[in-house]
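**Q** Give me a model of this one.
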Amino acid sequence: MPVLDETRRERVLGAVVACFARYGYRRTSMDLLAQAADMSRPALYQYFRNKEEVFRAAVDWSLDRTARHAEGAACSTAPTEERVRAILDAVLDLYTGNPVTGEHFHELLDEVYSRTADLWAAFEKRTLAALRAVLDSDAKGPADISTEDAAIVLFYGAKGIGIEARSVQTRVEHVHQLATLVLRGLSRDTHPDKYRL
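**A** Model prediction:
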């Protein structure tokens, strides 16, 4: 099968992600995907064998972009709390980046977890590693919780907050509060006001 050049691939996969987000997996047809990608259905079949393959490519593309963003935030020179918040914001954006509501949103999440479980597991591993790298770089001695446990609490907490039925702004605030609370638990500083809500 031919391969899309990088620029066109970015455009096509961005469009099909939005299409899946709008209609959910089950209601999305190859015709809708082709329209979203601004190509004919036969042209889309030149690059993808079926809807399942398009979906897998779209999920891989989306999760890789998010993981790269998290890894970039981890490597920045910003203060620890800013880096942690940036990583969690990237995770949260998976849940808030597209205006999907009701059954479509939860159906799409179910499809991601069931049809592309290996991609999701790889994404989780990369994101948890990014969080651990930030937390380890700030470690100064014994803490209430390990950096590995803290990374798990942060990641899965952000994931849970992502599916809250609240405004995007409220979810962002909750994720930032979570970061502050966990960093307080990791703080080796004797000053309790180091991280404020």
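**Q** Distance of the nearest residue to residue 109 once chain neighbours are set aside relative to residue 77?
**A** In this structure, residue 109 finds its nearest non-sequential neighbour in residue 163, 7.4 Å apart by C-beta to C-beta, 6 or more residues apart in numbering. C-beta coordinates here come from the backbone N, C-alpha and C atoms, glycine included. Residue 163 sits 32 Å away from residue 77, going by C-beta to C-beta, to the nearest Å.
**Q** Which one's more surrounded, these two?
**A** Legend: neighbour count by other C-beta atoms under 10 Å for residue 163 and residue 77, higher for residue 163 (13 against 6).
**Q** OK, contacts around that one?
**A** 95, 105, 106, 109 (C-beta atoms under 8 Å, 6 or more residues apart in numbering).
**Q** Could you find which two of the residues you listed are furthest from each other?
**A** Greatest spacing in the contacts of residue 163, by C-beta to C-beta: 95 and 106 (10.9 Å).
**Q** who's more crowded, these two?
**A** For residue 95 and residue 106, the more surrounded residue by other C-beta under 10 Å is residue 95, and the numbers stand at 19 against 13.
**Q** Okay, and that one sits in which element?
**A** If you go by DSSP states H and E, residue 95 is part of helix 80-96.
**Q** cool, and residue 4?
**A** Residue 4 belongs to no helix or strand, assigned by DSSP H and E.
**Q** What is the burial count for it?
**A** A count of nearby residues for residue 4, using other C-beta under 10 Å, gives 17.
**Q** Name the nearest residue to it, sequence neighbours excluded.
**A** Per C-beta to C-beta, 6+ apart, closest to residue 4 is residue 47, 5.7 Å.
**Q** likewise residue 74?
**A** In this structure, residue 74 finds its nearest non-sequential neighbour in residue 130, 3.9 Å apart by C-beta to C-beta, 6+ apart.
**Q** Now do the same contact list for the one you found.
**A** 67, 70, 71, 73, 74, 87.
**Q** Check what pLDDT the closest residue to the last one other than its chain neighbours gets.
**A** Leaving aside its chain neighbours, residue 87 sits nearest to residue 70 (4.4 Å; criterion: C-beta to C-beta, 6+ apart). The pLDDT attached to residue 70 in the predicted structure is 96.
**Q** what sits up against the strand or helix carrying residue 70?
**A** Using DSSP H and E, residue 70 sits within helix 51-75. Under the criterion C-beta under 8 Å, 6+ apart, residues 9-10, 13-14, 16-17, 20, 25, 28-30, 33, 44, 48, 83, 86-87, 90-91, 93-94, 111-112, 115-116, 119-120, 122-123, 126-127, 130-131, 133-134 lie in contact with helix 51-75.
**Q** measure the spatially most central residue of the chain to residue 28 for me?
**A** Nearest to the mean C-alpha position of the chain, counting by C-alpha atoms, centre = their mean, stands residue 91 at 3.5 Å. Residue 91 sits 24 Å away from residue 28, going by C-beta to C-beta.
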